[in-house]
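*Asks:* Here is my input, please return the structure:
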Amino acid sequence: MKKIRKLSKLIFQNLGWKILSVAAAIILWIICINVADPVSNQQFITTLKLINEERVTGPAASGTPEAVLVNGASLRGRSVAINIRATRRTLSELNRDRSKISAYIDLGQFTATGKPQSARVAYDLTGIESEQYTVSGVEPAEVEVLIEPYITKSFPILLGKQSGEAGEGYVALTPVITPANVSIGGAASLINSVASVRVDVSVADAAQNIEQDEKLYILNTSGMVMSDPVDLQFNTARVFVTVNKYGTIPIENPRITGNVASGYSIAGVSFEPKEAEVVGPEQDVDALSSIQLNTINVNNWSQTHTEVFELSEYLADTNLTIREETPAAVEVTITVAREAVKTFIVPIEQLHIRGMSTEVVFLDKDVSLTVKGLERNINAIVPEELNGVIDISGLTPGTYRVPVEFTLPSGVMAVGTPAEVGVTISDGQPPLPEDGAEDGAEDGENPAEEDSASEENPEETENTAEAPPEADTPSPEASPEPSSSPEPSVTPAAEAATTE
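*Replies:* Predicted coordinates for the structure are as follows:
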């Protein structure tokens, strides 16, 4: 406790004199500092400036620059560190107004060589006497400048990307760009690295013509978009895209005229394509319903021919064109082949009867059929499949020559004497009595008894019946046989025929 009292007494004893002494010491230190003004070092950071640039890149008589400082963008605004040794008063003044410190390079001493050149970084302290400071170092002390000749070239404006698809049923034609060319100026190395100038356009869902301004961009020889500073004559170009409707127009079957050589016939006509894909104004597409090819004259042809028709000829009077990547011509192939004539002997078993009577007897064993057509079609005929039809509808009992109708394959026709067959038609009733029957009556035979016997034994009556009498009035479709016709075929052959 006594120690604490002693320490407290020691601190607070003569306290006023102690405070006064500290204040006097501080004042004395400040006076010494200001009067003596000691020297010290400090680093200042400033921005590099370019002077006399117009002496190199200034406009020539043509109104365009003579040269270009290629790396000017990287030099401008570059930081420069300057180490200054000066009195505290001078350093304080510089800290208050750092704009007094500047670093620069003088471009007036350089020319457009197209190669890097070294330039010394100079400095200046505005309003500060040189005796008041020294510069112990500048970083960087030198920089490289690249000055190239300024050149101008003209480039065609090309289509870059055409994105999107036109609306359904429409097609976008190749865009038209105006103006067609653009001039680009700049450093020689940059202009020489330009590959092309391009512009993009979108035709997404377009159903009418497109006309709009699009921004230009430059591609270098590596295919990359250039970001280097160059002077474009203009920055946009007008892009016009015609948007047309497309349609599918049917092509009519070719017309054939004339006759091929004797012994030949047209085996077939084929053509491709069957439709034309056209593009044009909507009203023109809707107005064209079909395309009729020119008539082909086949007079005296004896071999196959192929004719080519350019579709553009049929669109000459319209505003339509053939759609890209679709056939622009029609090929018509006319196949000409040799004819053949052949006679087939068709058995009566292959004949069918339409309108069959009670009893029909064929007078012939077969029918002769002569046909004409292409050799391949004639050779393809199977004789066993030749089925004929005779129509005896409306014919009365009697003997006739009846025409035979055959169903022939496509391209085959019957020629020569028409096919026909002899038939005898009966109604199944016993014949009328002749002179022998009257003699029997005179001999005392009873007709009634004969009728009774016929009823008791119908089979015997049927077997003893003579051939039915010929009809008095023949049908116009068949011709009756003379009384001296040959012996008829057996009736079962007729029974085997199919009734239609």
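*Asks:* what residue is smack in the middle of the protein?
*Replies:* Ranked by distance to the mean C-alpha position of the chain (CA atoms, centre = their mean), the top residue is Glu325 at 6.5 Å.
*Asks:* separation between that one and Glu277?
*Replies:* According to CB to CB, to the nearest Å, Glu325 stands 9 Å off from Glu277. C-beta coordinates here come from the backbone N, C-alpha and C atoms, glycine included.
*Asks:* do Ala23 as well
*Replies:* From Ala23 to Glu277 the distance is 105 Å (CB to CB).
*Asks:* Cys227 sits in which helix or strand?
*Replies:* Careful, residue 227 is Ser; it's not Cys. Ser227 is part of no helix or strand, with elements assigned from DSSP states H and E.
*Asks:* any weak-confidence spans in the chain?
*Replies:* Flagging of the chain using pLDDT under 70 yields the residue ranges 1-3, 7, 9-10, 30-37, 59-63, 356-358, 428-500.
*Asks:* go with 80
*Replies:* Within the chain, the stretches with pLDDT under 80 are 1-18, 27-38, 57-64, 356-358, 427-500.
*Asks:* mind listing the helices in the stretch 301-450 of the chain by residue range?
*Replies:* For the stretch 301-450 of the chain, the helices defined by DSSP state H, counting those that start in this stretch occupy 375-379, 435-442, 447-456.
*Asks:* Ok, the stretch 151-300 of the chain next?
*Replies:* Under DSSP H, counting those that start in this stretch, the stretch 151-300 of the chain gives helices at 188-192, 282-287.
*Asks:* Of these, which stretch is the most buried?
*Replies:* Stretch with highest mean neighbour count among those: helix 188-192 (a mean of 17; mean count of other CB atoms under 10 Å).
*Asks:* So which elements touch it?
*Replies:* strand 142-163 (3 or more CB pairs under 8 Å, 6 or more residues apart in numbering; DSSP states H and E).
*Asks:* Neighbouring strands of the strand it packs on in the sheet, and parallel or not?
*Replies:* Using DSSP bridges, strand 142-163 pairs in its sheet with strand 67-69 (antiparallel), strand 116-120 (antiparallel), strand 181-187 (antiparallel), strand 194-202 (parallel).
*Asks:* Using PDB, write out the CA atom coordinates for that strand.
*Replies:* What follows is strand 142-163, C-alpha atoms only, in PDB (Å, rounded to 0.1, in the frame of the first residue of the first chain):
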ATOM      1  CA  GLU A 142      12.200   2.500 -72.500                       C
ATOM      2  CA  VAL A 143       9.200   1.300 -74.500                       C
ATOM      3  CA  GLU A 144       8.800  -0.100 -78.000                       C
ATOM      4  CA  VAL A 145       6.800   1.700 -80.600                       C
ATOM      5  CA  LEU A 146       5.500   0.200 -83.900                       C
ATOM      6  CA  ILE A 147       4.700   2.600 -86.700                       C
ATOM      7  CA  GLU A 148       3.400   1.300 -90.000                       C
ATOM      8  CA  PRO A 149       2.200   2.900 -93.200                       C
ATOM      9  CA  TYR A 150      -1.500   3.600 -93.500                       C
ATOM     10  CA  ILE A 151      -3.000   1.800 -96.500                       C
ATOM     11  CA  THR A 152      -6.600   1.400 -97.900                       C
ATOM     12  CA  LYS A 153      -8.100  -1.600 -99.700                       C
ATOM     13  CA  SER A 154     -11.600  -2.400-101.000                       C
ATOM     14  CA  PHE A 155     -13.200  -5.700-100.200                       C
ATOM     15  CA  PRO A 156     -16.500  -7.300-101.400                       C
ATOM     16  CA  ILE A 157     -19.200  -7.600 -98.800                       C
ATOM     17  CA  LEU A 158     -20.100 -11.300 -98.500                       C
ATOM     18  CA  LEU A 159     -22.900 -13.100 -96.900                       C
ATOM     19  CA  GLY A 160     -21.800 -14.600 -93.600                       C
ATOM     20  CA  LYS A 161     -24.600 -16.700 -92.000                       C
ATOM     21  CA  GLN A 162     -28.200 -17.000 -93.200                       C
ATOM     22  CA  SER A 163     -29.900 -18.300 -90.100                       C
END
